[in-house]
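Q: Here you go, sequence then predicted model.
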Amino acid sequence: MTSPLAPPSFSAGMDALTIGYLVGDAEKSCVGISDQPNKAYSSDGAIKWPAGIEARTDPVRLLDENGRVIARAGDIVHLRGGSGPADLSPQAPCTERPRFIVNEIIKVIPADEH
């Protein structure tokens, strides 16, 4: 399923591709990615999601601007974006500084299809 969910706002260095498993931490209210399925959330995978995307942790999922679920825990997500400045603020309610700023969610592969 390919679905550009927010208009890309590319600038130099903001068109990198990263791929990972969607993971979350309800205690920290953070949703990010991991390089392994069923791995616990880590600040190394902290993400700043694009406008219109809401990250939820109980259960872990991403919602689009209409409230539809577009990804769940364990799904593989293909994300376009890049690194942010060192002083980038956390994206509430998550308290962790994002390591990757997402401009676009390119593709989601549901957990039951990989």
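A: Received, thanks.
Q: The protein: strands as residue ranges?
A: 16-25, 30-34, 47-48, 54-57, 60-63, 69-72, 76-82, 100-109 (DSSP state E).
Q: With distance to A92 and mean pLDDT as new columns, can these be given to me in TSV?
A: C-beta: built from backbone N, CA, C; applies to glycine. Output for the strands of the chain, formatted as TSV (distance: least, C-beta to C-beta, whole Å; pLDDT from 0 to 100):
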stretch	distance to A92	mean pLDDT
strand 16-25	15	94
strand 30-34	10	94
strand 47-48	11	92
strand 54-57	10	94
strand 60-63	15	96
strand 69-72	20	98
strand 76-82	19	95
strand 100-109	15	95
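Q: Surely R56 and L63 touch.
A: Yes - R56 is in contact with L63 according to C-beta atoms under 8 Å; the separation is 6.5 Å.
Q: Please list all residues in contact with V23.
A: 31-34, 39-41, 45, 60, 73 (C-beta atoms under 8 Å, 6 or more residues apart in numbering).
Q: what about 6 Å?
A: V23 makes contacts with 34, 41, as judged by C-beta atoms under 6 Å, 6 or more residues apart in numbering.
Q: beta partners for it?
A: G32 (DSSP bridges).
Q: now do A46
A: Under the criterion used (DSSP bridges), A46 bridges to G32.
Q: any idea of the pLDDT on it?
A: Note on A46: pLDDT of 90.
Q: burial of it, as a residue count?
A: Neighbours of A46 under the rule other C-beta atoms under 10 Å: 23.
Q: Same check on K28?
A: Residues near K28, counting by other C-beta under 10 Å, number 17.
Q: Distance check, the residue nearest to it when sequence neighbours are not counted against E54.
A: Nearest residue to K28, sequence neighbours excluded (C-beta to C-beta, 6 or more residues apart in numbering): T95, at 5.7 Å. Look at T95 and E54: by C-beta to C-beta, to the nearest Å, they are 17 Å apart.
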